[in-house]
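[1] sharing a model prediction with you, sequence too.
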Amino acid sequence: MSKGRIWRVFFYCLGLLILAFGISLNTKTNLGVSPLISVSYSVAHICNANFGNMTFLWYAVFVLVQIVCHICTKRYREIIIDILQIPLSVVFTRFLNVFAVIIPDMTGGMVFRLLALILAIVCTGVGIGLTINAHLILNPGDGIVQALADCSGKKVSTVKNLLDATCVMITIVISLLFTGGIVGIGIGTILAVIGVGRVVAVYNHFFKEGQLKLSGLERK
C-alpha cells in the first residue's frame, strides 16, 4: 500500500471516529440532535432501543434511497459504492454505541451544555471534512444528499436543507403521535444546521490542501 493511500485510510478512520464522537456528544447535551439522525434518535428514545442500532437502520434507508436514485439516473456503477456503505454503517454505529456509554448525559447548567454542544458541532464538521476529503466511501448521511442532488439536478446545499427539514418534520410527527411532545428537536438542532456546514468550510479552508497532499490527491 502506498504512503498516500495509508494517509487516506488514516484520515478516513480518524474522521469517522471524530464524527461519531461529535454526534454522540450532541445527543448527550439534551439540547436537540442534528436533523439527519433525529428520526433514529426519537425512535430509539420512544422504543427504549439502542441508538446505534436505530441509526444503522435509518442509514440503511438512506442507502436504499441512493440505490433507487442511481438506478433512475442509470449510474449503475455507483450502486456498488452504495452497498459498501452498509458495512461502513455497521462500524460507524458501533462507534456511536461506544461513545454513548463513555459520554454521560448532561443535566447541568445551560452554559456548560452549550459549550459541549459547540464542541459537538466542531467535531461533527471536522469529521465530515476528514472523511469526504479522503475520497473513499461516503457516510450514508452525505451519500444520500449527493445522490438526491444528482437525481433532481438541484444544488447539494438545497437538497441538504430540504432533507434536514424533512427529517425534522418526520421526527416531530413521530414524537407527537407516540409521546404527545417533541423528542430530539431543540436549539441544538438549529445550531447544528447552521454550524456544521460552516465548520466544514473552515476546515477545508485551512486543512483540505494539506490533507490532499499527504493523501496523494493534491491538484496537479
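    Arrived safely. Numbers count the residues shown, from 1 in each chain.
[2] so the residue nearest to the spatial centre of the chain is in which element?
    For the chain, the residue nearest the mean C-alpha position is Gly141 (5.0 Å; Cα atoms, centre = their mean). Using DSSP states H and E, Gly141 maps to helix 140-152.
[3] for the record, mean pLDDT for that helix?
    For helix 140-152, mean pLDDT is 90.
[4] same thing with stretch 41-59?
    On average, stretch 41-59 scores 94.
[5] and that stretch, C-alpha only, in PDB?
    What follows is stretch 41-59 as a C-alpha-only set of coordinates in PDB (Å, rounded to 0.1, in the frame of the first residue of the first chain):
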ATOM      1  CA  TYR A  41     -32.800   9.200  18.000                       C
ATOM      2  CA  SER A  42     -36.500   9.800  18.500                       C
ATOM      3  CA  VAL A  43     -37.400   6.200  17.700                       C
ATOM      4  CA  ALA A  44     -34.700   4.900  20.000                       C
ATOM      5  CA  HIS A  45     -35.900   7.100  22.800                       C
ATOM      6  CA  ILE A  46     -39.600   6.200  22.300                       C
ATOM      7  CA  CYS A  47     -39.000   2.500  22.000                       C
ATOM      8  CA  ASN A  48     -36.200   2.400  24.600                       C
ATOM      9  CA  ALA A  49     -34.000   0.900  21.900                       C
ATOM     10  CA  ASN A  50     -30.300   1.100  21.200                       C
ATOM     11  CA  PHE A  51     -29.400   4.500  19.500                       C
ATOM     12  CA  GLY A  52     -26.600   3.000  17.400                       C
ATOM     13  CA  ASN A  53     -28.800   0.100  16.100                       C
ATOM     14  CA  MET A  54     -31.600   2.500  15.200                       C
ATOM     15  CA  THR A  55     -29.200   4.800  13.400                       C
ATOM     16  CA  PHE A  56     -27.900   1.800  11.400                       C
ATOM     17  CA  LEU A  57     -31.500   1.000  10.300                       C
ATOM     18  CA  TRP A  58     -32.000   4.700   9.400                       C
ATOM     19  CA  TYR A  59     -28.700   4.700   7.400                       C
END
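[6] tell me which residues are up against it.
    27, 33, 37, 39-40, 85, 89-90, 92-94, 96-97, 100, 140-141, 171, 174-175, 178-179, 183-184 (Cβ atoms under 8 Å, 6 or more residues apart in numbering). For glycine as for every other residue, the C-beta is placed from the backbone atoms N, C-alpha and C.
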